[in-house]
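Asks: Next input, structure requested:
(one chain, ligands or ions: 1)
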Amino acid sequence: KLPLPPGPKKLPLVGNLLDIPRERQWEAYHKWSEELNSDIIHLDAAGTSIVVLSSMEAIRDLFEQRSSLYSGRLRLPMVVELMGWDFAFPFITYGKRSHRRLFHETFNRSAAKQFHPQETAAVHEVLRRFLQNPHDIMGHFRHMAGALIMDIAYGIKVLPSDDPYIQMVEQAVHNLSNASIPGAFLVDIFPALKYVPSWFPGAGFKRKAKEWRKGVREVLEKPFQETKRNIVRQSCLNQFKSLIKGVAATMYSAGADTTVSALGTFVLAMLANPEAQRKAQDEIDSVIGPGNLPDFADEPSLPYVAARSFDGEMLHLLVRLNLKIRIINIHGNFIAFPHYITVDDEYRGYRIPAGSLVIGNTWAILHDKEVYADPHTFNPERFLLDGKLDPAVRDPETAAFGFGRRICPARHMASASIWIAVASMLAAFDIKNAVDEDGKEVKPSFEYSSTGVVS
Ligand code: HEM
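Replies: All right, here's what the predicted structure looks like:
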């Protein structure tokens, strides 16, 4: 009998379906939350109950304190059951703990350091590629993210271009993004449709799923089989075969686009903020000396140097924190990754209905005016107090990688690879707009697309 959390007015049948924009939903959620003066709001998308949380307090109360209730995922019949992504735990409810555990053992804060050499090598390779061809920045980032994951997951060194593994996985992830656009396939709304035979009129989705499934099987099997051939201790591998296979193949689907999007956004942030770029470069030069490239051995010394120099803080913050704000602000809303609750719950006198999608609005958290004054401005100085890192200012990483039990299990490795990429790019290059034949600057054209899993 408790009321639902407040929300915009609902129409009969369709509820708020017509109010929810197709793009940048997080901004609409944030606006409603402000208008209704509530950090918890409720929406009804033609029968699908959606609860959006816009404060760290509500997120901690539900995703952390009540994590046993709030760690599910929405059932995705097209992706998981028909296309065969059932090995990828990001898409399934909180089962497969062995998969998560293996991920954690591999990528926890101290274990993640074992990948520093691969990350450094991948970044040096990308620097060479920029030098040879500065016109395909995103292509180089994509190659870097793919090469790094193939190396970490399988020990496979990919080809410099047209690598068959990267092509295969990119295609599968592309199909995955298309299939996870909400409402794209009726079978996600009526799961029983999955039993319709493929020849049945209107069952085109089954034929599509079958074709896409072949690609998913290849992603699961091909690199794994090559690795198996390369490994001497096969008996050990056999014992955990399906576990390792599933976890390795999950890495690409969860890790490639995220890293590429973050680095692409970094380049845009640098084009828009030449002053911040200059300061960061000056600091790198003064810490590691001109002509050298940073490596992880420099990392511990940077905060120390940073604590004594404003510009040092700038670099440290720019690279570690504030960039992430911009990056995550813009791209970090994983619309296909809401949490899901299967039982009724009560919070602050409101009813959270069973079967609700529960979304932690990262964007709202990272644009909270109370925490980050003037939140739309790129301003590394917001993290400083008396030239030092201000511990009172919230670290964006507390929200950028998700929440509770489903928090990104690769966050330390992801953060490290972005750090080394950003620091090395700043050390080696000036990031500037291209110039046309008449010597005029060409402003980059770009568009953030928010369909699929990652913007
Ligand atoms: C900039 C880089 C990255 C960002 C911003 C990021 C962010 C996220 C976010 C927001 C989630 C959802 C958390 C939630 O449901 O509350 C997530 C989940 C996940 N991420 Fe990342 N991630 C990044 C890189 C990576 C990489 C490189 C890998 C793998 C090598 C990875 C593996 C995963 C996995 C497996 C999950 C699913 C966890 C689960 O459902 O239990 N991520 N990530």
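Asks: The ligand contacts on the stretch 301-450 of the chain?
Replies: Proximity of the stretch 301-450 of the chain to the ligand, by Cβ under 6 Å from any ligand atom, involves residues 332, 334, 337, 400-403, 406-410, 414, 418. Yep, even glycine has a C-beta here, placed from its N, CA and C like the rest.
Asks: Can you flag the buried ones in those residues?
Replies: Neighbour-count burial within these applies to 332, 334, 337, 400-403, 406, 408-410, 414, 418; the criterion is 16 or more other Cβ atoms under 10 Å.
Asks: re the thing from before, which of the residues of the stretch 301-450 of the chain next to the ligand fall within helices?
Replies: 400, 414, 418 (DSSP state H).
Asks: if we take those residues, which one ends up nearest to residue 262?
Replies: residue 418 (5.5 Å; Cβ to Cβ).
Asks: Now do the helices in the stretch 101-250 of the chain.
Replies: Counting by DSSP state H, counting those that start in this stretch, one finds helices in the stretch 101-250 of the chain at the ranges 116-132, 137-154, 164-179, 204-230, 234-239, 241-272.
Asks: CA atoms only: put the first one into PDB for me.
Replies: Included here for helix 116-132 are C-alpha records, laid out as PDB according to Å, rounded to 0.1, in the frame of the first residue of the first chain:
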ATOM      1  CA  HIS A 116      51.600  -2.900 -16.400                       C
ATOM      2  CA  PRO A 117      54.200  -4.200 -18.900                       C
ATOM      3  CA  GLN A 118      51.500  -5.100 -21.400                       C
ATOM      4  CA  GLU A 119      49.700  -1.800 -20.900                       C
ATOM      5  CA  THR A 120      53.000   0.100 -21.400                       C
ATOM      6  CA  ALA A 121      53.800  -1.800 -24.500                       C
ATOM      7  CA  ALA A 122      50.300  -1.300 -26.000                       C
ATOM      8  CA  VAL A 123      50.600   2.500 -25.300                       C
ATOM      9  CA  HIS A 124      54.100   2.700 -26.900                       C
ATOM     10  CA  GLU A 125      52.700   1.000 -30.000                       C
ATOM     11  CA  VAL A 126      49.800   3.500 -30.100                       C
ATOM     12  CA  LEU A 127      52.200   6.400 -29.900                       C
ATOM     13  CA  ARG A 128      54.100   5.000 -33.000                       C
ATOM     14  CA  ARG A 129      50.800   4.600 -34.800                       C
ATOM     15  CA  PHE A 130      49.900   8.300 -34.100                       C
ATOM     16  CA  LEU A 131      53.200   9.300 -35.500                       C
ATOM     17  CA  GLN A 132      52.700   7.300 -38.700                       C
END
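Asks: For the ligand, what's the nearest residue on this protein?
Replies: Nearest residue of the chain to the ligand (Cβ to the nearest ligand atom) works out as residue 402 at 2.1 Å.
Asks: how much space between that residue and residue 365?
Replies: Per Cβ to Cβ, to the nearest Å, residue 402 is found 11 Å from residue 365.
Asks: Do I have it right that residue 415 meets residue 395?
Replies: No - applying Cβ atoms under 8 Å as the test, residue 415 and residue 395 come out as separate, 10.9 Å apart.
Asks: For the two, indicate the residue with more neighbours.
Replies: Counted by other Cβ atoms under 10 Å, residue 415 and residue 395 do not tie: residue 415 has more neighbours, with 19 against 14.
Asks: nearest residue to that one other than its sequence neighbours?
Replies: Spatially, and ignoring its direct neighbours in sequence, residue 415 is nearest to residue 397 (6.8 Å; Cβ to Cβ, 6 or more residues apart in numbering).
Asks: Residue 405 now?
Replies: Closest to residue 405 by Cβ to Cβ, 6+ apart is residue 71, at 4.2 Å.
Asks: Tell me, how many residues neighbour that neighbour?
Replies: 19.
Asks: my guess is it contacts residue 407, does it?
Replies: No - applying Cβ under 8 Å, one finds residue 71 not in contact with residue 407, separated by 10.0 Å.
Asks: What's opposite the nearest residue to residue 134 once chain neighbours are set aside in the beta bridge?
Replies: Counting by Cβ to Cβ, 6+ apart, residue 134 lies nearest to residue 434, which is 7.8 Å off, once chain neighbours are set aside. For residue 434, the beta-bridge partners under DSSP bridges are residue 442.
Asks: ok, residue 434 - how many residues close by?
Replies: Neighbours of residue 434 (other Cβ under 10 Å): 12.
Asks: Local confidence estimate at the residue nearest to residue 405?
Replies: pLDDT recorded at residue 71 is 93.
Asks: Enumerate every residue touching it.
Replies: Listed by Cβ atoms under 8 Å, 6 or more residues apart in numbering, the contact partners of residue 71 are 63, 93, 94, 339, 404, 405, 406.
Asks: just for the stretch 151-300 of the chain, where's the confidence low?
Replies: Within the stretch 151-300 of the chain, the ranges that satisfy pLDDT under 70 run 182-183, 232-240, 299-300.
Asks: That one against the ligand: which residues are in contact?
Replies: 250, 251, 254, 255, 258, 259, 262.
Asks: Pull out the buried residues from these.
Replies: 250, 251, 254, 255, 258, 259, 262.
Asks: any chance of those in a markdown table, with distance to residue 88 too?
Replies: Shown next, in a markdown table, are those (distance: Cβ to Cβ, whole Å):
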| residue | distance to residue 88 |
| --- | --- |
| 250 | 5 |
| 251 | 10 |
| 254 | 8 |
| 255 | 12 |
| 258 | 14 |
| 259 | 17 |
| 262 | 21 |
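Asks: Tell me the one of the residues you listed nearest residue 226?
Replies: residue 251 (15.6 Å).
Asks: can you tell me how far the closest one sits from residue 245?
Replies: Look at residue 251 and residue 245: by Cβ to Cβ, they are 11 Å apart.
Asks: again with residue 25
Replies: 34 Å.
Asks: again, but for residue 44
Replies: 40 Å.
Asks: Run a quick neighbour tally on the closest residue to residue 277 other than its chain neighbours.
Replies: Leaving aside its sequence neighbours, residue 277 sits nearest to residue 270 (Cβ to Cβ, 6+ apart; 4.7 Å). Using other Cβ under 10 Å, residue 270 has 24 neighbouring residues.
Asks: Next up, the contacts around residue 270.
Replies: 276, 277, 426, 431.
Asks: mind checking which helix or strand residue 358 is in?
Replies: strand 356-360 (DSSP states H and E).
Asks: Return the residues in contact with residue 375.
Replies: 366, 367, 368, 369.
Asks: Quick check: phi and psi on it?
Replies: Dihedral angles of residue 375 (phi, psi; degrees, to the nearest 10) stand at phi -70, psi -20.
Asks: Thought residue 415 was touching residue 119, still the case?
Replies: No - in this structure residue 119 lies outside contact range of residue 415 using Cβ under 8 Å: 10.6 Å.
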